[in-house]
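A.B. asks: A predicted structure for the sequence below; I have some questions about it.
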2 protein chains.
Amino acid sequence: MYSEGMSTQERLVEATRELLWERGYVGTSPKAILQRAGVGQGSMYHHFTGKQDLALAAIRRTGEELRAAVDRLLDTDTSAYARIEAYLLRERDVLRGCPVGRLTMDPDVIADPELRAPVDETIAYIEGRLAAIVQEGVDSGEFAPRLVPAEIAATVLATVQGGYVLARASGATEAFDGAVRGLLSLLAP
Amino acid sequence: MYSEGMSTQERLVEATRELLWERGYVGTSPKAILQRAGVGQGSMYHHFTGKQDLALAAIRRTGEELRAAVDRLLDTDTSAYARIEAYLLRERDVLRGCPVGRLTMDPDVIADPELRAPVDETIAYIEGRLAAIVQEGVDSGEFAPRLVPAEIAATVLATVQGGYVLARASGATEAFDGAVRGLLSLLAP
DNA sequence: GTCTATATGTGGATAGAC
DNA sequence: GTCTATCCACATATAGAC
């Protein structure tokens, strides 16, 4: 139940991040968080004002980590296609879905501007990075000039997010892989 | 609150369908269903064994309707590209998301084989219809022979499902439209 | 068939002791 | 800072009257 060196706040945020990923905001109760974190009720309300506040910290951290991971993946000295491919083929726990994208199906997250903000920012950031790479590819002649970078970036991101949906519906990762391969075949120079 | 000619069962199923779309399975309580349907507690447990049973009826009906709508859209005597385009440009309430796809993010739906089955069947059905159309296009020379129909079908469906995610994250339909246009530009003969 | 009453647990949060 | 006790409302279901 987390390492010894982890502070109570950290344990609470980590437990919340896991539960938000697994069950979403609506499906996550303070009680479940406390049990997973191994702390008492009082600690949670000492460090955070409540469920929303704790979820906010958790979502922000998840967004930061995802953006950092994407940066590591895309900051390479390779062709535009190779970087888009690297993004699409990134190792993923497909059946768990995207820890950020899944929150968009949570009515209470979407209804709360504070909770939606870090979700929006993270997705917009990745879209922006992908668009810049497509633009490079268009400029260098690697991609057809008729491609609109912002649109292709949205298509790439949507294919990944939708791939999770197909995979979870079928209970198998195959559909995700198929969608990605299909897109790569359409993008292939 | 629904027409006079609607039976109690129908009212319950309709109310459940709406709530599942808006709030998902975890976020929908029997109480909320009863209030929306305008019936008492006893009626629900007379016609259905409980929340799961009612949700099952609701999901099945939503799946049937979606498959029928897709059939109407795709049963036209036009080119393969035109039919894929028609599917992608279908009029949608983008910010509400897909009434079937959103259920894949519901942990209690995915964990219950009975509830997941109609979700899986509906998505598999649409994928199959799209794949057959792509196959036609490949056979007729409309699409490049290197395209794998099942993969392209998955890409098309994933772009739509992921488009909902992008749109809901940003709170605007633009990202959905961008993803669709990007895919159409890649598919264009 | 439909209603109201009731039951048990949980959701989300506060109070106050240590 | 952390714990336990307590609070009120809701979630989900059953019982039994009409």
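C.D. replies: Cool, got the structure. What you are looking at is a predicted structure, and each value in this text was computed from that prediction instead of being measured. Residues are numbered from 1 along each chain as shown, chains lettered A, B, ... in the order given.
A.B. asks: In stretch A:57-73, which residues are buried?
C.D. replies: A:57-63, A:66-67, A:70 (16 or more other CB atoms under 10 Å in any protein chain shown). Where C-beta positions appear, they are placed from N, C-alpha and C, glycine not excepted.
A.B. asks: anything in the longest helix seen in chain A near DNA strand C?
C.D. replies: The longest helix of chain A (DSSP state H) is helix A:113-139. No: taking CB under 7 Å from any atom of the strand as the criterion, helix A:113-139 and DNA strand C are apart, separated by no less than 12.6 Å.
A.B. asks: Give the buried residues for that helix.
C.D. replies: A:115-116, A:118-123, A:126-127, A:129-135, A:137-138.
A.B. asks: what do you get for stretch A:179-189?
C.D. replies: A:179-187.
A.B. asks: Next step: these restricted to helices.
C.D. replies: A:179-187.
A.B. asks: quick one: which of those residues is nearest to A:Tyr25?
C.D. replies: A:Ala179 (26.5 Å; CB to CB).
A.B. asks: before we move on, the earlier item: same for the following helix or strand past the longest helix of chain A, what does it pack against?
C.D. replies: Where DSSP states H and E defines the elements, the next helix or strand beyond helix A:113-139 is helix A:149-170. Applying 3 or more CB pairs under 8 Å, 6 or more residues apart in numbering or on different chains; DSSP states H and E, we find helix A:149-170 packed against helix A:80-88, helix A:113-139, helix A:174-187, helix B:113-139, helix B:149-170, helix B:174-187.
A.B. asks: Could you pull up the residues touching A:Ala158?
C.D. replies: Counting by CB atoms under 8 Å, 6 or more residues apart in numbering or on different chains, A:Ala158 touches B:158-163, B:165-166, B:175-176, B:179.
A.B. asks: want to throw the buried residues of stretch A:57-73 into TSV with secondary structure, distance to DNA strand D and pLDDT?
C.D. replies: Shown next, in TSV, are those (DSSP: H, G, I helix; E, B strand; the rest coil; distance: CB to the nearest atom of the strand, whole Å; pLDDT from 0 to 100):
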residue	secondary structure	distance to DNA strand D	pLDDT
A:Ala57	helix	14	98
A:Ala58	helix	17	98
A:Ile59	helix	21	98
A:Arg60	helix	20	98
A:Arg61	helix	18	98
A:Thr62	helix	22	98
A:Gly63	helix	25	98
A:Leu66	helix	27	98
A:Arg67	helix	29	98
A:Val70	helix	33	98
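A.B. asks: Switch those residues over to JSON lines; also include distance to A:Ala144.
C.D. replies: Formatted as JSON lines, the buried residues of stretch A:57-73 follow (distance: CB to CB, whole Å):
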{"residue": "A:Ala57", "distance to A:Ala144": "44"}
{"residue": "A:Ala58", "distance to A:Ala144": "41"}
{"residue": "A:Ile59", "distance to A:Ala144": "37"}
{"residue": "A:Arg60", "distance to A:Ala144": "38"}
{"residue": "A:Arg61", "distance to A:Ala144": "39"}
{"residue": "A:Thr62", "distance to A:Ala144": "35"}
{"residue": "A:Gly63", "distance to A:Ala144": "33"}
{"residue": "A:Leu66", "distance to A:Ala144": "30"}
{"residue": "A:Arg67", "distance to A:Ala144": "29"}
{"residue": "A:Val70", "distance to A:Ala144": "25"}
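A.B. asks: Now name the helix or strand holding the residue of chain A found nearest DNA strand D.
C.D. replies: The nearest approach of chain A to DNA strand D comes at A:Gly42, 1.6 Å away (CB to the nearest atom of the strand). Using DSSP H and E, A:Gly42 sits within helix A:41-47.
A.B. asks: is any part of that helix close to DNA strand C?
C.D. replies: Yes: counting by CB under 7 Å from any atom of the strand, DNA strand C is contacted by helix A:41-47 at A:41-42, A:45.
A.B. asks: For burial, what's the neighbour tally of A:Thr155?
C.D. replies: 32 (other CB atoms under 10 Å in any protein chain shown).
A.B. asks: Identify the spatial nearest neighbour of the residue positioned nearest the centre of chain A, chain neighbours not counted.
C.D. replies: Within chain A, one residue has its C-alpha closest to the average C-alpha position: by CA atoms, centre = their mean, that is A:Val100, at 3.7 Å. Leaving aside its sequence neighbours, A:Val100 sits nearest to A:Thr122 (CB to CB, 6 or more residues apart in numbering or on different chains; 5.1 Å).
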